[in-house]
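> Structure of the sequence below:
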Amino acid sequence: MSEHRLLLEEAFAKAELAFIKNESPAVVYGIDGLGDLIFASSTQAYREVLLGCVLTRIIDKTKDIQLPYAKLGKHAFNGRSLDEQVINPFLREKNAPCSRGPYLSVFRRSVAFTGATREGLKDKKGYDALLTLIETVRNESDNTVLKTILAYLLYNFILLREESRVELTRLRRISLSQFRNLIASLVSKKSGGRFPVLLIVSMLEAFANRFSLNWRIQWQGINVADAASGVGGDITVTEGTRTVIVVEVTERPVDAATVRATFSGKIAPSKIQEYMFMVHTDQAGTAAREQADKYFMQGYEVSFVDMWEWLTSTLATVGSEGRQYFQECLLRHLSDKAVPNTLKLMWNEEAERLVY
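Okay, here's the model as predicted:
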């Protein structure tokens, strides 16, 4: 069963990243319409047994996925064991809506996935769609196609999860060293760049609160007017009518060409005197730093700061009161409806790792 679990882990991670990037998965011809019926059905068991069938077909093509009980013949597979040992625990771990077990609730007594099973089921239309999908998977031998179907199913489980409410884990007491580890984990997550921005915004808010600074902190994605204002950057800190600093948060390498384009397109037109690239360690090369130094002589401070070092050193500066406020700010931003549940669950996973 470990092979099934590993396959699920890898495919789900890719599906989560695709969701974060708003990239819908490829769809095998004829699958999407039937899949819609499966995922709209009130019978959760349909999509769960289908997931087991696809995994089984990918891993062992000698098995007949119409036969989910060992008693049904030498080519049958043990669907109940696969569900109880792999699929159901996995879905629960990932907070995906699921039943207590399809082979306990719907497909009991050694039934096969055939038309003969249809009579006792409530959602017959959904079951018909399931049978067609199982037959499609059963007749497919190309693992590339089968993994595309698996990706489609997992993406739809993520969509179901997005419809549910996720309660964020709140840390009552956390040390500075624990905070450092937590931040290191969060900034390394594949979040489409969202976590670094949320962390830096929350830290700026905590810093301003702790030292009673009259700062207004705006960031694109929430304050749509920022983009229209002509101020270029992910985060803009102002005090009255004065721009204190503009921050560009990037996980990509910054080269000299990027610095020149940013200066001509954003910094110079808006007369931004303090512009900071928040990057990962060594993401800014020597040429980029030399290019930034040239603008210093023209009255523009363009700097590069490692986001993890800045976040953790600022955490130390604001003290325990500031760290508590930082967590409150971060949880407030994470709880926003616009933030995918995937990110909320990433926070919960890392926060609970500190507790348990």
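> quick one: buried residues of the longest strand along the chain?
For the chain, the strand reaching the highest residue count under DSSP state E is reported as strand 242-249. Buried positions in strand 242-249, judged by neighbour count with 16 or more other CB atoms under 10 Å: T243, V244, I245, V246, V247, E248, V249. C-beta: built from backbone N, CA, C; applies to glycine.
> Let me know the closest of the residues you listed to S164.
V249 (29.1 Å; CB to CB).
> Need the pLDDT of the closest one.
Confidence at V249, expressed as pLDDT, is 92.
> From T262, how far off is it?
From V249 over to T262 the distance is 13 Å, taken as CB to CB, to the nearest Å.
> and if you look at M307?
M307 sits 17 Å away from T262, going by CB to CB.
> likewise R216?
The gap separating R216 from T262 is 22 Å, by CB to CB.
> got it, and E84?
54 Å.
> Looking at those two, which is more packed in?
Neighbour totals were compared for E84 and T262, and T262 leads with 23 against 15 (other CB atoms under 10 Å).
> Under the pLDDT cut-off, which ranges of the protein? List them.
Applying pLDDT under 70 to the chain flags residues 221-231, 356.
> Residue ranges of each domain in it, please.
2-162, 176-355 (automatic domain parsing).
> As a check, name the ranges of all strands in the protein.
216-219, 235-239, 242-249, 274-279, 301-306.
> thought L186 was touching L199?
Yes. In this structure, L186 is within contact of L199 by CB atoms under 8 Å, at 6.3 Å.
> Please identify which of those two sits among more neighbours.
Legend: neighbour count by other CB under 10 Å for L186 and L199, higher for L199 (24 against 21).
> Can you name the residues that contact the residue nearest to the more buried one when sequence neighbours are not counted?
Nearest non-adjacent residue to L199, counting by CB to CB, 6 or more residues apart in numbering: L311, 5.9 Å away. By CB atoms under 8 Å, 6 or more residues apart in numbering, the contact list for L311 reads I183, V187, L199, I200, M203.
> Need the nearest residue in space to K190, chain neighbours excluded.
K190 sits nearest to L17 (CB to CB, 6+ apart), 5.1 Å away.
> What count of nearby residues applies to the one you found?
L17: 14 surrounding residues under other CB under 10 Å.
> Distance check, it against S191.
9 Å.
> swap in Y155?
17 Å.
> pretty sure R161 contacts K94?
Yes. Using CB under 8 Å, R161 makes contact with K94 at a distance of 7.3 Å.
> Please identify which of the two sits among more neighbours.
Between R161 and K94, counted using other CB under 10 Å, R161 has the larger neighbour count: 22 against 19.
> and the domains of the chain as a markdown table, adding distance to R170?
Shown next, in a markdown table, are the domains of the chain (distance: least, CB to CB, whole Å):
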| stretch | distance to R170 |
| --- | --- |
| domain 2-162 | 17 |
| domain 176-355 | 7 |
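> Compare these and give me the one nearest L168.
Per CB to CB, nearest to L168 of the domains of the chain: domain 176-355, 5.3 Å.
> end-to-end on the closest one?
Terminal residues of domain 176-355 are spaced 14 Å apart (CA to CA, to the nearest Å).
> same check, this time on stretch 24-32
This stretch, stretch 24-32, spans 12 Å end to end (CA to CA).
> Which residues belonging to it are considered buried?
Those would be P25, V28, I31, for stretch 24-32 by 16+ other CB under 10 Å.
> neighbouring contacts of it?
Against stretch 24-32 from outside (CB under 8 Å, 6+ apart): A15, A18, G35, L133, T136, V145, T148, I149, A151, Y152, Y155.
> run the last query once more with 10 Å
14-15, 18-19, 33, 35, 38, 132-133, 136-137, 140, 145-146, 148-156, 159 (CB atoms under 10 Å, 6 or more residues apart in numbering).
> ok, which stretches of the stretch 201-350 of the chain are helices?
225-229, 256-262, 268-270, 286-296, 307-334, 341-355 (DSSP state H, counting those that start in this stretch).
> For the second one, which outside residues touch it?
Spelled out, it's helix 256-262. By CB under 10 Å, 6+ apart, the residues outside helix 256-262 that reach it are 232-233, 246, 248, 250, 252, 254-255, 267-268, 272, 275, 277, 284-295, 302, 304.
> hmm, back to that, mutual contacts of R161 and K94, please.
E16, T342, L345.
> Am I right that L159 is in contact with F39?
Yes. The pair L159 / F39 is scored as a contact, 7.6 Å apart, by CB atoms under 10 Å.
> Between these two, which has more neighbouring residues?
Neighbour tally, L159 and F39, criterion other CB under 10 Å: the higher count belongs to F39, 18 against 14.
> residue contacts, the more buried one?
F39 touches Y46, R47, L50, G126, A129, L153, N156, F157, L159, L160, counting by CB under 10 Å, 6+ apart.
> redo that, cut-off 6 Å
F39 is in contact with R47, N156, counting by CB atoms under 6 Å, 6 or more residues apart in numbering.
> Same check on A288?
With CB under 6 Å, 6+ apart, A288 has these contacts: V254, D255, A256, V259.
> try 7 Å this time
The contact partners of A288, taken as CB atoms under 7 Å, 6 or more residues apart in numbering, are V254, D255, A256, T258, V259.
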